[in-house]
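In: just coords:
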């Protein structure tokens, strides 16, 4: 009788142990998947940081270009005024002849 009880307990403990090993296996698989996803997110972050640097450089260059556009527009206005003055001079000289 006592041997049967011990045998039954041993079988039950072995079943519990097998269940625990299965749970550990599932948790290890979940952990590996999580680690892979974590590494992927780290890589995503690295790429996004590079993209941000590129966009900041592009923004800086664009802002510098906007200043040049304003300067070019002012120069164009000056040149148009100068051209108008010269045409007026030519017209006046033509009338004198």
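Out: The structure has been received and is ready for your questions. Small disclaimer: the values here were computed from a predicted structure and weren't measured. Numbering: from 1, shown residues only.

In: residues in contact with residue 51?
Out: By C-beta atoms under 8 Å, 6 or more residues apart in numbering, residue 51 lies in contact with nothing. Every residue, glycine included, has its C-beta placed from N, CA and C.

In: what about it, which helix or strand?
Out: Element membership of residue 51 [criterion: DSSP states H and E] is helix 2-96.

In: for residue 94, see how far away residue 19 is.
Out: Residue 19 sits 109 Å away from residue 94, going by C-beta to C-beta, to the nearest Å.

In: actually residue 14, sorry about that
Out: Going from residue 14 to residue 94 by C-beta to C-beta gives 117 Å.

In: likewise for residue 5?
Out: Residue 5 sits 130 Å away from residue 94, taking C-beta to C-beta as the criterion.

In: show me where pLDDT drops low in the chain?
Out: Across the chain, nothing is flagged by pLDDT under 70.

In: center of it, which residue is that?
Out: residue 48 (2.4 Å; C-alpha atoms, centre = their mean).

In: residue 35 versus that residue, what's the distance?
Out: Taken as C-beta to C-beta, the span from residue 48 to residue 35 is 20 Å.

In: what is the burial count for residue 83?
Out: Look at residue 83: counted by other C-beta atoms under 10 Å, it has 10 neighbours.

In: make 468 the first number, not 1, from now on.
Out: Sounds good: first residue 468 from here, last item residue 550.

In: kind regards, and thank you for your time.
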